[in-house]
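*Asks:* Sequence and computational prediction follow.
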2 protein chains.
Amino acid sequence: MPMVATASSRIHAPHATSVEKQRCSRGNASMQSRDAAEERESMIERIGPFLYRAGLHGATMDEIAREAGTYKMSIYRAIGTKNDVWMTYARTLCEQRNREMTALLLRSDQRPERLVMNYFLQQRELVLNDAILGDPILKLSTEAAGRFEELHQALCRQRDLHLARFEQIGGSIAPSDGINLGIELHMMWQVLVSCGRSRAAIQRDSEHVIRMVRRTLDACLRRPELQGA
Amino acid sequence: MPMVATASSRIHAPHATSVEKQRCSRGNASMQSRDAAEERESMIERIGPFLYRAGLHGATMDEIAREAGTYKMSIYRAIGTKNDVWMTYARTLCEQRNREMTALLLRSDQRPERLVMNYFLQQRELVLNDAILGDPILKLSTEAAGRFEELHQALCRQRDLHLARFEQIGGSIAPSDGINLGIELHMMWQVLVSCGRSRAAIQRDSEHVIRMVRRTLDACLRRPELQGA
């Protein structure tokens, strides 16, 4: 996956001197690399909530470290530069999203329309639970556009991938006949999790989106060619 | 309108000393205030495109002045602090949006469905013409959420007002009977102008939204209670 900044992180990681490196056997190197990946993961887990709140331009490395209750040097060691931090954070968000969608798809041979409904209800719970900032991937791609080309492109690929999953699920509910159910569901999802709204707007939009998803799925299931299936 | 930072701008405007102020007749004061408003407007017109590209966190006052080809002190004089600059920029965006929507409403007694279609076609032209950053008000409210409470609230009020206009127009096309046409059109508009997408996604989404708007309006016009109208 092109957005993983592993090589770059290693260049910036000052904890392994060249002498230490020469001492390492192949087995040790592999173990160290696994340890480093785990450390990176745990670090992103700790600083993720602050990165989400502060936004791409709103956080210095000092602030990130303070908010995460760690040292700036620990972040440099585990992840790398500030750019690496954002790329790693974005990669973690994307992997998480992909896991969720894969889990949804794996179960979608049984009543896919029910699984879609459950996904929307679960996403509604997430946004109602204090998400005036909106979906992290939509938020980050908005902030990155026009200023952070590599990050923006990686997030755009993820948005396309997410849409492709919706189309796959949509296709398993109703084959395309002029209306692309997957794209329409994806549009409703975008509105459900969109960024920077007031709490009242989130409440209002989420009720409306849920009604709209229900109506759209019902309409698909009422179509004659599907009733016999 | 609560988001106008006039008082605050005046406090920060160092060109009128207290002695000069005492000399002013009421007529002069009114003329000066009109001149100041014009200067503010022309300044925001010049720096607006940079504010849009740079984003809420991405621009220092030095950069804003350099990009706008003016002096930092001229911006302080005409508008005030950096916070005032963003509030004034947001207010200008909102006024512009309100003018556009009022013009739309004024003409919407004649074939409102055609006017809605024309609005979407015009908005599509705007996004296709290099708008990977998306709609300025959606972009700015995403950036402001959770960090700039006053600015965020003002932009949320504007988003609600925009929705209210859509509901008004929707109501003039088809009275609500379970489906709120205005809210649904507003959702489609949000997808059409959403922020931080790739050029390919903008192209794809805009085609899809236009098809969806057309289909939705057609469905409304085909309903029995409207055919006799």
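*Replies:* Cool, got the structure. In this text the structure is predicted, and so the values were computed from the model without any measurement.

*Asks:* any low-confidence regions in chain A?
*Replies:* Chain A contains residues with pLDDT under 70 at A:1-31, A:108-109, A:176-178, A:223-229.

*Asks:* What residue spans form the domains of chain A?
*Replies:* A:18-80, A:82-223 (the TED database).

*Asks:* quick one, which of the ones you listed is nearest to B:Gln203?
*Replies:* Nearest to B:Gln203 among the domains of chain A is domain A:82-223; the distance by CB to CB comes to 12.2 Å. Quick note: C-beta positions are derived from backbone N, CA and C, even for glycine.

*Asks:* Just list the residues touching the closest residue to chain B within chain A, thanks.
*Replies:* Going by CB to the nearest CB, chain B is nearest to A:His57 of chain A, at 3.0 Å. When contacts are counted by CB atoms under 8 Å, 6 or more residues apart in numbering or on different chains, A:His57 touches A:143, B:55-58.

*Asks:* Any chance of a markdown table for those, columns secondary structure and distance to A:Arg99?
*Replies:* Listed next are the contacts of A:His57 as a markdown table, based on DSSP: H, G, I helix; E, B strand; the rest coil; distance: CB to CB, whole Å:
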| residue | secondary structure | distance to A:Arg99 |
| --- | --- | --- |
| A:Glu143 | helix | 24 |
| B:Gly55 | coil | 30 |
| B:Leu56 | coil | 32 |
| B:His57 | coil | 30 |
| B:Gly58 | coil | 32 |
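
*Asks:* which of those has the most neighbours?
*Replies:* Per-residue neighbour counts (other CB atoms under 10 Å in any protein chain shown) across the contacts of A:His57 peak at A:Glu143, which has 28 neighbours.

*Asks:* Check which helix or strand A:Cys220 maps to.
*Replies:* helix A:199-222 (DSSP states H and E).

*Asks:* What is that helix packed up against?
*Replies:* helix A:112-128, helix A:149-173, helix A:181-192, helix B:149-173, helix B:181-192 (3 or more CB pairs under 8 Å, 6 or more residues apart in numbering or on different chains; DSSP states H and E).

*Asks:* Go ahead and name everything in contact with the first one.
*Replies:* For helix A:112-128, the external contacting residues (CB under 8 Å, 6+ apart) are A:104, A:107-108, A:134-135, A:169, A:172-173, A:185, A:188-189, A:192-193, A:202-203, A:206, A:209-210, A:213-214, A:217, A:220-221.

*Asks:* Could you tell me which of those count as buried?
*Replies:* Buried members of those, scored by 16 or more other CB atoms under 10 Å in any protein chain shown, are A:104, A:108, A:134-135, A:169, A:172-173, A:185, A:188-189, A:192-193, A:202, A:206, A:209-210, A:213, A:217, A:220.

*Asks:* one step back: now for the helices and strands packed on helix A:199-222, which one comes closest to B:Thr70?
*Replies:* helix B:149-173 (22.6 Å).

*Asks:* could you give the angle of that closest one to helix B:181-192?
*Replies:* 130 degrees (axes from the mean of the first three to the mean of the last three CA atoms, to 10 degrees).

*Asks:* for helix B:149-173, packing partners?
*Replies:* helix A:199-222, helix B:82-106, helix B:112-128, helix B:136-144, helix B:181-192, helix B:199-222.

*Asks:* Please identify the most buried of those helices.
*Replies:* Of all the helices and strands packed on helix B:149-173, helix B:136-144 has the most neighbours on average by mean count of other CB atoms under 10 Å in any protein chain shown, namely a mean of 26.

*Asks:* Please state the offset of that helix from the chain centre?
*Replies:* 10 Å (CA atoms, centre = their mean, to the nearest Å).

*Asks:* who's in contact with it?
*Replies:* A:55, A:134, A:139, A:142-143, A:194-197, B:52, B:55-57, B:86, B:89-90, B:93-94, B:97, B:133, B:151-152, B:155-156, B:158-159, B:162, B:190, B:193-195.

*Asks:* now the domains of chain A in JSON lines, with distance to B:Arg124?
*Replies:* Formatted as JSON lines, the domains of chain A follow (distance: least, CB to CB, whole Å):
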{"stretch": "domain A:18-80", "distance to B:Arg124": "28"}
{"stretch": "domain A:82-223", "distance to B:Arg124": "15"}
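
*Asks:* Indicate which one of the ones you listed is closest to B:Thr81.
*Replies:* domain A:18-80 (17.9 Å).

*Asks:* any chance of the contacts of A:His57 in TSV, plus distance to B:Glu113?
*Replies:* What follows is these, written out as TSV (distance: CB to CB, whole Å):
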residue	distance to B:Glu113
A:Glu143	37
B:Gly55	36
B:Leu56	37
B:His57	41
B:Gly58	40
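
*Asks:* need the contact list for A:Asp135.
*Replies:* Going by CB under 8 Å, 6+ apart, A:Asp135 touches A:127, A:193-195.

*Asks:* For the residues you listed, name the two members farthest from one another.
*Replies:* Among the contacts of A:Asp135, A:Val127 and A:Cys195 lie farthest apart (CB to CB), at 10.2 Å.

*Asks:* overlap in contacts of the two?
*Replies:* A:134-135.

*Asks:* Now render the helices and strands packed on helix A:199-222 as CSV, adding distance to B:Ala36.
*Replies:* CSV is the format used below for the helices and strands packed on helix A:199-222 (distance: least, CB to CB, whole Å):
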stretch, distance to B:Ala36
helix A:112-128, 42
helix A:149-173, 39
helix A:181-192, 40
helix B:149-173, 21
helix B:181-192, 35
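
*Asks:* I'd like to know which of those helices is closest to B:Asp62.
*Replies:* Nearest to B:Asp62, of the helices and strands packed on helix A:199-222 and by CB to CB, is helix B:149-173 at 21.1 Å.

*Asks:* Now the lengthiest helix in chain A: buried residues?
*Replies:* Using DSSP state H to define each element, chain A has its longest helix at helix A:26-54. For helix A:26-54, the buried set under the neighbour-count rule, 16+ other CB under 10 Å, comprises A:36, A:40, A:43-44, A:47-48, A:50-52, A:54.
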